[in-house]
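Engineer: Sequence first, then the predicted structure:
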Amino acid sequence: MIIWITGISGAGKTTVGKKIFSNLNKNGRKIIFLDGDELRQIFASTQEKSYKRESRIKLALQYSKLCQFLSNSGSDVVIATISMYKEVYEWNYKNLDDYYEVYLKVPNDVVMDRDAKGLYADYESGKISNVAGFDLKIDQPKNASIIIENYGKITPEQAAGKIMSSLKIT
């Protein structure tokens, strides 16, 4: 099983993903948690530090292939990554067995208020560009297994529970 958690930066992907991982781990499942920020550090070469759409798609497809490998090796995978591109969604649905797409939908003004990494402050000041969902075009998931509006109405624990319940995961 692969649970692909997507949303823009600050949507709560890592927090909710870790809750799902913890819940599944308690149930004795062989499970791996992957975080997009950490994967970028591993997969992005020194020459490939670009945050442009084409580079992000290429990187996200590497994440997809890693998930496929881990799943084929007998592990369940929870991955938290922006990777909001139709090319990635299409590849995942075509090539990943037991694939669940989870979209954490959060309005831009809410993630800007959260801004734990200072990303949006840097964007607003003009220090950076190619910010997914702002000046960099993303593709909203059209076939998500579940959409969670994750902007303060539920806790991360409740979001994780809702996802697991909706996907009928034990």
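Structural biologist: Nice, I can see it.
Engineer: Report the separation between residue 115 and residue 9.
Structural biologist: Distance, residue 115 to residue 9, by CB to CB, to the nearest Å: 9 Å. (Glycine included, C-beta is placed from N, CA and C.)
Engineer: Give me the more crowded residue out of these two.
Structural biologist: Each of residue 115 and residue 9 has its neighbours counted (other CB atoms under 10 Å); residue 9 has more, 22 against 16.
Engineer: Can you report phi and psi for the spatially closest residue to that one that is not a sequence neighbour?
Structural biologist: Spatial nearest neighbour of residue 9, excluding adjacent residues (CB to CB, 6 or more residues apart in numbering): residue 119 at 5.4 Å. Per-residue torsions, residue 119: phi -60, psi -50 (degrees, to the nearest 10).
Engineer: burial measure for residue 35, as a count.
Structural biologist: 17.
Engineer: And residue 42, by the same measure?
Structural biologist: 10.
Engineer: continuing past the host helix or strand of it, what's the next helix or strand?
Structural biologist: Using DSSP states H and E, residue 42 sits in helix 36-43. Counting by DSSP H and E, the element after helix 36-43 in chain order, helix or strand, is helix 53-72.
Engineer: what's the distance between that next one and the middle of its chain?
Structural biologist: Averaging C-alpha positions (CA atoms, centre = their mean, to the nearest Å) puts helix 53-72 12 Å from its chain's average.
Engineer: packing partners for that helix?
Structural biologist: Helices and strands touching helix 53-72, by 3 or more CB pairs under 8 Å, 6 or more residues apart in numbering; DSSP states H and E, are strand 2-6, strand 31-35, helix 36-43, strand 76-80, helix 86-95.
Engineer: sorry, back to before: wait, the residue nearest to residue 9 touches residue 10, no?
Structural biologist: Yes: assessed by CB atoms under 8 Å, residue 119 is found in contact with residue 10 at 7.5 Å.
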